[in-house]
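K.L.:
please work out how this folds:
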Amino acid sequence: MRIEQFQEMEKQVIQRGLCTACGLCVGACPNGCLEWDMEQEEPCLDGECLACGLCGLVCPGARIPLPLLEEKFFGRTRTRQEQYLGVHTALLRGYAQDEAQRLASASGGLTTALLVHALERGLIDAAVVTGMDQRHPWRTRPMLARTPDEIRQAAGSKYQICPSLAALRQAKPGERLAVVGLPCQVHGLRKLMASVEAKALSESIVFILGLFCGANTSYRVTEHVIAEFSDVNLGDIRKMSYRGGPESQDVVLHGADGSETTIKNSDRISNYLWMIRDRCRMCPDWTAELADISLGDIFAGGQDGPWKKTPHWNGFIVRSPKGAELVEQARLAGAISVGPLEEPAFYGNIGFESKKHGAVYNLRERSRHGWPTPDFGCELDWHARKRAPFHIDLKD
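P.N.:
As a prediction, this is how the structure comes out:
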């Protein structure tokens, strides 16, 4: 069923708990009649809907035809061997050659390095990223970065809902854009790019960098963690990092008085695991399977101890020819270091379990009881997969 008006999408998607909070409906609306309600964390009507139908067409909340989108953008659907990681041409590891950039990032700084390289070489004019709200430094905000410094300021993971794609409406006509997005946001972008109704906007997107994602949470969960595990008042926070500390895992709060407070990763996770946004529990995509390049952490271990994050390294997946070209250009320019990565390294992250097993199981149970669920256009396999131990040479 085609959704013609925002009010219909509100009934069919938002009120049924299927909104992904991607922000694309706001960013793509040609009439500017949609806004993002930061308190409710959902889109709302702020003017007269002209019933163009674009918001319902690109929305990734209720329907994501994965096989059709794979065929359109990669020229084929995934093989059985690719069922967990999606269509790809290379599995790699690497980091930003700029040491300061690498150490300031959540993983190896590759996302930032690729964006800065593309901007400085004139491949793009701006990048859609997730920033932090200056008025509320513990909250996220959509951001269109037009300078290398703005891109660097947005580096690092944010474990909080952000309608990043709302920033698309800030783009000027003719600007060439890179977009950094979570899997659900990439789903919407590909639906946008597959449509003919938004040709100008879709043609402005040069490439998509997708981030590995196990789930996301409300800003209220961040406030909860700060209140429960620190004595810091929200009004005293000048800056917040979700992935700080020596291993880029802990929450770090910087006070206006110069103080620094650390909340351990284990304490953060103890809250986040139980306060996940409900729609995230229905998403089986962990590695942003429709992006040009997908990036995230490397987890090693499994034999002599638990799987642990490998500090200052990225694991990444190249999926499209334009993704491969960008990586090679950045490597030749000396912006990034790149090497091969074995497939088991991608399965040590809790995101793999939460998406490829947990979310698929949740989808089946919800469907069995007649609850609203998104349609991904294919059968999803949630059966267990034996993990192989994996170790990475940090000297490499």
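K.L.:
got the phi/psi numbers for the closest residue to residue 319 other than its chain neighbours?
P.N.:
Leaving aside its sequence neighbours, residue 319 sits nearest to residue 88 (Cβ to Cβ, 6 or more residues apart in numbering; 5.1 Å). The way it works is simple: take the backbone N, C-alpha and C, and place the C-beta from them, glycine included. Here the main-chain torsion angles of residue 88 (degrees, to the nearest 10) amount to phi -160, psi 160.
K.L.:
then residue 209?
P.N.:
Dihedral angles of residue 209 (phi, psi; degrees, to the nearest 10) stand at phi -100, psi 120.
K.L.:
show me where the chain dips below the pLDDT cut-off.
P.N.:
For the chain, the stretches flagged by pLDDT under 70 are 1, 247, 301-306, 389-396.
K.L.:
now for the residue nearest to residue 319: which residues touch it?
P.N.:
Shown in contact with residue 88 (Cβ atoms under 8 Å, 6 or more residues apart in numbering): 82, 317-319.
K.L.:
could you work out the most separated pair of those residues?
P.N.:
82 and 318 (12.9 Å; Cβ to Cβ).
K.L.:
the two: which has the busier surroundings?
P.N.:
residue 318 (22 against 14; other Cβ atoms under 10 Å).
K.L.:
that one bridge partners, please.
P.N.:
residue 90, residue 293 (DSSP bridges).
K.L.:
check the secondary structure at residue 192 for me.
P.N.:
Judged by DSSP: H, G, I helix; E, B strand; the rest coil, the three-state class of residue 192 is helix.
K.L.:
okay, it and residue 80: tell me how far apart.
P.N.:
Residue 192 sits 29 Å away from residue 80, taking Cβ to Cβ, to the nearest Å as the criterion.
K.L.:
rewinding a little: got the contacts of residue 88 as TSV, with distance to residue 258 columns?
P.N.:
Formatted as TSV, the contacts of residue 88 follow (distance: Cβ to Cβ, whole Å):
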residue	distance to residue 258
82	49
317	40
318	42
319	44
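K.L.:
which among these gets closest to residue 173?
P.N.:
Using Cβ to Cβ, residue 319 comes nearest to residue 173 of the contacts of residue 88, at 28.6 Å.
K.L.:
residues near the closest one, how many?
P.N.:
The burial count for residue 319: 27, using other Cβ under 10 Å.
K.L.:
between residue 192 and residue 80, which has more neighbouring residues?
P.N.:
Each of residue 192 and residue 80 has its neighbours counted (other Cβ under 10 Å); residue 192 has more, 24 against 6.
K.L.:
right, and the more buried one touches residue 59 too?
P.N.:
No. The pair residue 192 / residue 59 is not scored as a contact, 9.8 Å apart, by Cβ atoms under 8 Å.
K.L.:
which residues do the two both contact?
P.N.:
residue 24.
K.L.:
tell me which residue is most central in this structure.
P.N.:
Among the residues of the chain, the one closest to the centroid is residue 182, at 1.9 Å (Cα atoms, centre = their mean).
K.L.:
residues contacting the closest residue to it other than its chain neighbours?
P.N.:
Excluding its sequence neighbours, the residue lying closest to residue 182 (Cβ to Cβ, 6+ apart) is residue 213, at 4.5 Å. Residues in contact with residue 213 (Cβ under 8 Å, 6+ apart) are 182-184, 280, 285-286, 288, 351, 355.
K.L.:
so which of these is the closest to residue 274?
P.N.:
residue 280 (12.5 Å).
K.L.:
how near is the residue lying closest to that closest one once chain neighbours are set aside to residue 266?
P.N.:
Excluding the flanking residues, the one nearest residue 280 by Cβ to Cβ, 6+ apart is residue 215, at 4.0 Å. Per Cβ to Cβ, residue 215 is found 17 Å from residue 266.
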